[in-house]
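[1] Got a predicted model here, sequence first, then my questions.
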Amino acid sequence: MPNAIHELRGNPGKRPLNKHEPKPERKMPRMPDLVKSDERAKKHWKRLAPMLLRMKCLTEADAIALANLCLDMSTLEQAQEKLQKTGLLVKTDKTGAVHQNPLLRLIAETSTRVSRGLREFGMTPSSRARIVVPHAHDPNNRWAKLMEAS
């Protein structure tokens, strides 16, 4: 966990903090080619990246993590659209047996990855609720001091 988060949440375990933690520059990372080649993922990048910058949760080092999130969101959308067309149950060609659509498993696994990615960037209510941001005009505001220092 980054030192800034330990500072905000406290360090009840009293574990030593990494005094030499890397501090990548907070700026828009370059969109990877794989995202550029997937129109859905590209749309998600263009929506999420500016939001994450405003939240001060995006750095130049986060391109791969954000790309994975956007690509997973694209996969999830495509699988859900295909499921709407094919239905929850499908018949096998050979025996005609009816069983659960394999897309349901893909959707469940991808939903888990999307949720994990959203939490990594503080984009779920519960992940944001763990961080308390005091008012910026408070001269004793540890959060503002941390943000200025980074």
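    Great, that's in hand. Numbers count the residues shown, from 1 in each chain.

[2] The residue found closest to Arg119 once you drop the neighbours it is linked to in the chain: what secondary structure?
    For Arg119, ignoring the flanking residues on the chain, the nearest one in space by CB to CB, 6 or more residues apart in numbering is Ser127 at 4.6 Å. The C-beta positions use only the backbone N, C-alpha and C, and glycine is treated the same way. Secondary structure, DSSP: H, G, I helix; E, B strand; the rest coil: Ser127 is helix.

[3] Residue numbering should commence at 55 henceforth.
    Okay, using 55 as the starting number, the last item reads as Ser181.

[4] If I follow the layout properly, Ser181 ends up in contact with Leu172?
    Yes - counting by CB atoms under 8 Å, Ser181 touches Leu172, with 7.5 Å between them.

[5] now the strands: where do they sit in this protein?
    In the chain, the strands defined using DSSP state E lie at 143-145, 152-154.

[6] Out of those, flag the one nearest Ala117.
    Judged by CB to CB, the one of the strands of the chain that comes nearest to Ala117 is strand 152-154, at 36.3 Å.

[7] sorry, back to before: is it possible to get a markdown table of the strands of the chain that adds mean pLDDT?
    As requested, these are exported to a markdown table (pLDDT from 0 to 100):
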| stretch | mean pLDDT |
| --- | --- |
| strand 143-145 | 94 |
| strand 152-154 | 95 |
